[in-house]
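Chemist: Below are the sequence and a predicted model for it; my questions follow.
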Amino acid sequence: MTSRPAAGGGRWVPVGAERLAGWIGGFTDRHGPVEATLAGDVVRLRGLDGAVAECHVPFPPLAAPGADPVRALVTHAMAERRVGVLLVRLGGYAAGVFEGSRLVASKVGSRQVHGRSAAGGWSQHRFARRREKQAGEAAQAAADTAARILTPQTPTLEAVILGGDRRAITPLRSDPRLKTVFALETPPFLDVPDPKLAILQATPHDFRTVRIRLLDPPPP
């Protein structure tokens, strides 16, 4: 588990769904009895010593929070959802459907897109046109794959997680076949390398993670 600074103070701590109950128990052990409140899509834990953990609800809103938002958050995070994933980078793409952490349908592919001209090769204009054509073909291949794998499944999906390169995904948004796919778009956007099968298979580790903003107790 790694943390990083949070804007406005504190730090972000990612906690896997399976570890969430234990992490909250450890927070209570370190900081005393916890007061839990629900504000929008954040379950806020405040320890006796003033430490605060702001747990951002994955796949909001929080289902049936009731009188115990902590228990509701753990149950919600652990739910076995049916989720679509679409990863696109320049020249590479992957689409998959998950049931919980299990990949049940997928397709991964790539198209060559030259990154720069070779020395002594094409003129700059000719190379730019060739690269633009390649990028367009790669985007079309990614859209075709998403339409084949994800679009028929959207009636059964709770969410679609996107990842890769935002600029590479932008052209796909105008494809009418993918309207229902993008309608289910849910954070987080996954920053992943070239979308190979192993990268796609590992995405539940990220999209099922609970993001927690941790604020240390004030000094005595």
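Modeler: Everything's here; your move.

Chemist: any idea how this protein splits into domains?
Modeler: As assigned by automatic domain parsing, the chain contains the domains 4-79+208-215, 82-207.

Chemist: want to throw those domains into a markdown table with mean pLDDT and mean neighbour count?
Modeler: Quick note: C-beta positions are derived from backbone N, CA and C, even for glycine. Below are the domains of the chain laid out as a markdown table (pLDDT from 0 to 100; neighbours: other C-beta atoms under 10 Å):
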| stretch | mean pLDDT | mean neighbour count |
| --- | --- | --- |
| domain 4-79+208-215 | 94 | 16 |
| domain 82-207 | 88 | 17 |
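
Chemist: Against residue 77, how distant is the residue nearest to residue 203 when sequence neighbours are not counted?
Modeler: Leaving aside its chain neighbours, residue 203 sits nearest to residue 85 (5.2 Å; criterion: C-beta to C-beta, 6 or more residues apart in numbering). Distance of residue 85 to residue 77, computed by C-beta to C-beta, to the nearest Å: 18 Å.

Chemist: so the residue minimising distance to the centre of the chain is in which element?
Modeler: When C-alpha atoms, centre = their mean is applied to the chain, the residue found nearest the centroid is residue 188 (3.3 Å). Here residue 188, judged by DSSP states H and E, is contained in no helix and no strand.

Chemist: surely it meets residue 211?
Modeler: Yes. Using C-beta atoms under 8 Å, residue 188 is in contact with residue 211, at 7.4 Å.

Chemist: circling back: next up, the contacts around the residue nearest to the centre of the chain.
Modeler: Contacts were defined as C-beta atoms under 8 Å, 6 or more residues apart in numbering; by that measure residue 188 touches 161, 206, 207, 211.

Chemist: if I've got this straight, the last one is in a strand?
Modeler: Which is residue 211. Yes. Counting by DSSP: H, G, I helix; E, B strand; the rest coil, residue 211 falls inside a strand.

Chemist: Please tell me how far it sits from residue 149.
Modeler: In terms of C-beta to C-beta, residue 211 sits 27 Å off from residue 149.

Chemist: Repeat that for the second one.
Modeler: Distance, residue 206 to residue 149, by C-beta to C-beta: 19 Å.

Chemist: What separation is there between the residue nearest to residue 18 when sequence neighbours are not counted and residue 59?
Modeler: Spatial nearest neighbour of residue 18, chain neighbours left out: residue 78 (7.1 Å); criterion: C-beta to C-beta, 6+ apart. The spacing between residue 78 and residue 59, counted by C-beta to C-beta, is 11 Å.
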